[in-house]
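*Asks:* This is the structure alone, sequence omitted:
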């Protein structure tokens, strides 16, 4: 069960690659909204996610993500068709911002919570219920690099830790529980293009590597999103 646990929560933690923070692209004083869609894949699973978020004064981000993941046969014992629906929230704070100061980079820290519900036809005869709850902590460093007029890239490096508790229960009340943690390294190169003074399109490919004792997992993600600034930056 420990190996399966690492497989399950690693893809959700590394899926953070696919969801970008709105404030990373806005200046201090700007509030705004962002939406994005992403595809995530590793050797054990693949899925899609959608994220909506709000930026507060370009310093704080609040986001909500909903994802659907399909796992490969054999990932969890004899279960063949295993799927999961994940709902995650995140709060991110920007400690330093390159685009609003003389700092050479942008630095942010984040905390999040995810709740995952698993389903499979193999669970129906026994009435098995499987859920996972995760706490996520992370930090990211990025830098804006101009490419051409109205466009720039924002390479980033992130380090995070996820602690997940996986529970299996049946109608008789029997419950099996496993808790474990994994460290994750994330890199990505978002391409940002300004449609106008207040609208940005962001295309973001990324890679993540989860470091676990039983199984290391590398995940690829790609996302496309739109960020809308509702206010002007501080003068």
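*Replies:* Arrived safely. Since we're looking at a predicted model, the values are computed, not measured.

*Asks:* Going along the chain, name the helices of this structure.
*Replies:* Ranges of helices in the chain, per DSSP state H, are 2-14.

*Asks:* ranges for the strands of this protein?
*Replies:* For the chain, the strands defined by DSSP state E cover 32-41, 45-56, 60-71, 82-96, 106-119, 129-142, 145-148, 151-153, 156-169, 175-188, 191-194, 199-211, 217-229.

*Asks:* could the ones you listed go into TSV alongside mean pLDDT, distance to residue 24 and mean neighbour count?
*Replies:* In short, each C-beta sits where N, CA and C put it, glycine included. Listed next are the strands of the chain as TSV, based on pLDDT from 0 to 100; distance: least, CB to CB, whole Å; neighbours: other CB atoms under 10 Å:
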stretch	mean pLDDT	distance to residue 24	mean neighbour count
strand 32-41	90	10	19
strand 45-56	89	9	20
strand 60-71	89	8	18
strand 82-96	90	7	18
strand 106-119	90	6	18
strand 129-142	89	6	18
strand 145-148	94	14	9
strand 151-153	96	12	16
strand 156-169	87	8	18
strand 175-188	84	11	16
strand 191-194	95	9	16
strand 199-211	88	9	18
strand 217-229	89	9	20
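
*Asks:* could I get those as CSV with distance to residue 26?
*Replies:* Converted to CSV, the strands of the chain look like this (distance: least, CB to CB, whole Å):
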stretch, distance to residue 26
strand 32-41, 5
strand 45-56, 5
strand 60-71, 10
strand 82-96, 10
strand 106-119, 11
strand 129-142, 13
strand 145-148, 17
strand 151-153, 13
strand 156-169, 15
strand 175-188, 18
strand 191-194, 11
strand 199-211, 8
strand 217-229, 6
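
*Asks:* And for the protein, the residue most distant from the center?
*Replies:* Most distant from the centre of the chain: residue 172, at 35.2 Å, with distances by CA atoms, centre = their mean.

*Asks:* Give me the distance between that one and residue 127.
*Replies:* Counting by CB to CB, to the nearest Å, the separation of residue 172 from residue 127 is 9 Å.

*Asks:* what's the answer for residue 200, then?
*Replies:* 48 Å.

*Asks:* Check residue 176 too.
*Replies:* In terms of CB to CB, residue 176 sits 14 Å off from residue 127.

*Asks:* Repeat that for residue 166.
*Replies:* Counting by CB to CB, the gap from residue 166 to residue 127 is 18 Å.

*Asks:* With residue 100 instead?
*Replies:* On the measure of CB to CB, residue 100 and residue 127 end up 54 Å apart.
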